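[1] build me a model:
(chains A, B and C)
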Amino acid sequence: MAFGKGCHLHLIDGSAFIFRAFHALPPLTRKSDGLPIGAVAGFCNMIFKYVEDNKGPDAPTHVAVIFDKGSHTFRNDLYDLYKANREDMPEDLRPQIPLTREATRAFNIACIEKEGYEADDIIATLTVQARDAGGRVTIISSDKDLMQLVGGGVEMLDAMKNKRIGVEEVAEKFGVGPDRVVDVQALAGDSVDNIPGAPGIGIKTAALLINEYGDLDSLLARAEEVKQPKRRQTLIEKADQIRLSRQLVQLDAQTPLDFTLDALEVQEPDPDALLGFLGQMEFRTLSKRVAENLGVAPPAIPDTNPAGANPSAEPDAPENLPFVPEGYECVRDAAALGLWIERANARGWVAVDTETTSLDEMRADLVGISLSVEPGQACYIPLGHRDGSDDLFGSDNLAEGQMPLNAALDLLKPLLEDPAVMKIGQNMKYDAKIFARYGIQVAPIDDTMLMSYALNSGLHGHGMDALSERYLDHVPIPIKSLLGSGKSAITFDRVPIGDAVKYAAEDADITLRLSQLFKPQLHQRRVTTVYETLERPLVPVLAEMEMAGIKVDRDTLSRMSNAFAQKMAGLEAEIHDLAGQSFNVGSPKQLGEILFDKMGLEGGKKGKTGAYATGADVLEDLAAEGHDLPARVLDWRQLSKLKSTYTDALQDHINPETGRVHTSYIQSGANTGRLASTDPNLQNIPVRSEEGRRIREAFVAETGKVIVSLDYSQIELRILAHVAGIDELKQAFREGQDIHALTASEMFDVPLDEMTPDIRRQAKAINFGVIYGISGFGLARNLRIPRGEAQGFIDRYFERFPGIREYMDDTVKFAKEHGFVETLFGRKIHTPEINAKGPGAGFARRAAINAPIQGTAADVIRRAMIRMPRATCGLPAKMLLQVHDELLFEVEAGAVDDTIAVVRKVMEGAAMPAVKLDVPLTVDAGQGANWAEAH
DNA sequence: GACATCACG
DNA sequence: GACGTACGTGATGTCC
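    Down below sits the predicted model:
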């Protein structure tokens, strides 16, 4: 039937269906093989319901489901931050996308998508075609962006609420008719799609303006006439941004399509095709209902229930199945490997572990790979073992019976890169980096270490040995038993293949069992979102940063080391002179004896060891009393620290191949969600002392590039103001006031213009103290004031900001009740000691107060980092380092300003859309030839 | 390997 | 009323 008058076209917003189905349903998996299938199930149910609901006299004559395809559209060319706030697609959803297309076709409904075009534009195109042909259109969607299409025989239907959206409903929502919806949206902007709009103008105001001036162009042309000064200024200054916003929200009805409306005619489904698909998906209930409807027999679905699908209920659940090292297979040829690859493909997942010659991924060579697809069954593929025959040449020959490395990798690459097969690892970042060095980009990945972290942060560590013992009641073969320890330790390529099989295959086996144990728990314990949005997508980002490394200038460090050595020698002589004897200045024990026994200064023993305390605070007090020796020791210690930890050690970390220093981030290291940096730690490079700060001059940009640093300003205090709901602090942050000065003014009744640096300093210490779970003792020690006075400050602070005390009490109460506290993004940090008696409870109490604040800040910067690759993809900029509230980039000189603009925008908007903070997040930026200049 | 010390946010 | 106390990390050197 040719489309024309009397025809009725239904256009279904397929992507909206999918996301609604995915988020509404628990993460179902297909019973036979564990393929995630929840979104497909929800999608099919929604389509089925739609078909049933649209059979009456007003049934459509034509119908199509439209999907988005590709993430880059003309809107990204117009505005590189378009939809930059969007979270990446959850890994569990990705393999389901093609299945939703199949489902649509199984229902015999036209399935439409076009690379590089948004579904909304295709819907607009079809709508206009149908309307022009004289037909009616119903758009099944509740997306406000489609409301501009309503009118003239076009209406929308919110399928969830079963609510019609006509011209009236659009007017109700936007305050203008459908033809002016675009104008209102252009002014109001949209935080979800990251449409900038006119700052300070929302839908209400936008409608008011449009109704007064007729349309957007007239409004902008006559902006001078707007009475309210702020609005007028915005409209004049932001006119370009508003016009850009309009381009972004305006749907494009010119999508080139290679079919006509006639092709969308409603057709009965083919029972075989539809039931075949539903049977293949193993949807029992839906198959039955559909079969009844079609008057045919439902498909038979075998009731398979393999080990692992429902672990705890099964007798051979992974935590109960015994470990049998002799059962592990050694894969020595392509045929055997092919079988394992087939099994992995059939399953849709595979646990992977690599064995290498070093813990430093940048230098490690691949020695072997282990795989596991079923609990208890695993293989090891030896690739780089040496034969161990101790000849004169160091036995560098490859051992017999190994596949050539390249042949094995060629076979494995398609599997490891297959988007439909989940690669499961323990600390997958390590293995992914190894594979990356051999040209394999492993994806998608799951990580048992990160699952444990999301589930159990604060309860225990997340290393494999600990997890295996705790959850599988199995002690893995210690690596030391193969490699030995200390000076005589060997590398893994020297381990006999027979021993390596038992060790390595066991690791893959354990990993698979742990993932089958943890995966369902993520949802049960409400941390799926944390795992999916804050943990899993961060892995490739960190891997990239670590592989990029940062250039460090050896000569600068070397010169500084020499200078430090000279100064230290001078100081040492002086110290020995003052002491009247020679001793090891680096030994706190000897120093204590000199100071307190020999010289008889005031001071006391401390700690279980009975040694004198000689910490910086003690020495500073002594120095303040006029003693020279402790003052010299303080200087010596500072230099010693800078030399040994930084100027000396950093040189050893320069990778000879890249000339750069490659740190490793531990994603599950800090209980709060912060990262930790090791080998070397680049999160504690000196900055507070002038002398130390100069070490940052050695962290340089390549020729023609610039180091750019962006850091959040006062992010933890801002988060405190938000979570504790302190109006005065929120207001101060909104107005960009000096928060410490304001606190001082409130507490000490000093007007802001009479503020002294010392009063401000005290207020600053109190502000930080609050974040740490303040105590009179701690504040007294920090400010070096009597304890009573410090307590007085705290009392006054709580009097002034009662909301803070309430927040602290509530947080502790929550922790005592639940055993954990939460960040704004749902990260759980467990506090097992909170109900204990003794000093442990005090620590736990303060940690509980601090964790949501520190953790929320950590979550925010993680979100920014995860979005960064996509936001900066067109820019010649590399993200190199994260230092808790700072991100460091290396940028081509010409692109510095653009990069700062994009990165700042991403960082400042990183909490959105999941959390709308009551305070703005602001970011300071710096740039220069090295880190010292950029900071 | 425990402990003290000190670098960072 | 006494008890110990700022929160979160990692690297280094000494000493047992």
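[2] roughly how far apart are A:Ala780 and DNA strand B?
    With distances taken as C-beta to the nearest atom of the strand, to the nearest Å, A:Ala780 is found 18 Å from DNA strand B. Just so you know, the C-beta spots here come from the backbone N, C-alpha and C atoms, and that holds for glycine as well.
[3] just the element for that residue, please.
    helix A:776-783 (DSSP states H and E).
[4] residues in contact with that helix?
    With contacts defined as C-beta atoms under 8 Å, 6 or more residues apart in numbering, helix A:776-783 is touched by A:617, A:762, A:765-766, A:769, A:772, A:785-791, A:793-794.
[5] among these, name the buried ones.
    Using 16 or more other C-beta atoms under 10 Å as the burial test, these include A:Gln762, A:Ala765, A:Ile766, A:Gly769, A:Tyr772, A:Ala790, A:Gln791, A:Phe793, A:Ile794 as buried.
[6] report the distance from stretch A:238-256 to the chain centre.
    31 Å (C-alpha atoms, centre = their mean, to the nearest Å).
[7] grab the nearest non-local neighbour of the residue nearest the centre of chain A.
    Residue closest to the mean C-alpha point of chain A, counted by C-alpha atoms, centre = their mean, is A:Leu534 at 3.2 Å. Distance criterion C-beta to C-beta, 6 or more residues apart in numbering; nearest residue to A:Leu534, sequence neighbours excluded, is A:Arg862 at 5.2 Å.
[8] contacting residues around the nearest residue to A:Arg180 once chain neighbours are set aside?
    Of all residues not flanking A:Arg180 in the chain, A:Ile210 sits nearest, at 5.3 Å (C-beta to C-beta, 6+ apart). Counting by C-beta under 8 Å, 6+ apart, A:Ile210 touches A:Gly175, A:Val176, A:Arg180, A:Asp183, A:Val184, A:Leu187, A:Leu216, A:Leu219.
[9] for those residues, which one is nearest DNA strand B?
    A:Leu187 (37.3 Å; C-beta to the nearest atom of the strand).
[10] that older thread, mind listing what's buried along whichever strand or helix holds the residue nearest to A:Arg180?
    Taking DSSP H and E as the criterion, A:Ile210 maps to helix A:203-213. For helix A:203-213, the neighbour count (16+ other C-beta under 10 Å) marks A:Ile203, A:Thr205, A:Ala206, A:Ala207, A:Leu208, A:Leu209, A:Ile210, A:Tyr213 as buried.
[11] could I get the residues you listed as JSON lines with pLDDT and distance to DNA strand B?
    Supplementary listing: the buried residues of helix A:203-213 in JSON lines, determined by pLDDT from 0 to 100; distance: C-beta to the nearest atom of the strand, whole Å:
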{"residue": "A:Ile203", "pLDDT": "90", "distance to DNA strand B": "37"}
{"residue": "A:Thr205", "pLDDT": "91", "distance to DNA strand B": "38"}
{"residue": "A:Ala206", "pLDDT": "94", "distance to DNA strand B": "39"}
{"residue": "A:Ala207", "pLDDT": "92", "distance to DNA strand B": "43"}
{"residue": "A:Leu208", "pLDDT": "91", "distance to DNA strand B": "43"}
{"residue": "A:Leu209", "pLDDT": "93", "distance to DNA strand B": "42"}
{"residue": "A:Ile210", "pLDDT": "94", "distance to DNA strand B": "45"}
{"residue": "A:Tyr213", "pLDDT": "93", "distance to DNA strand B": "47"}
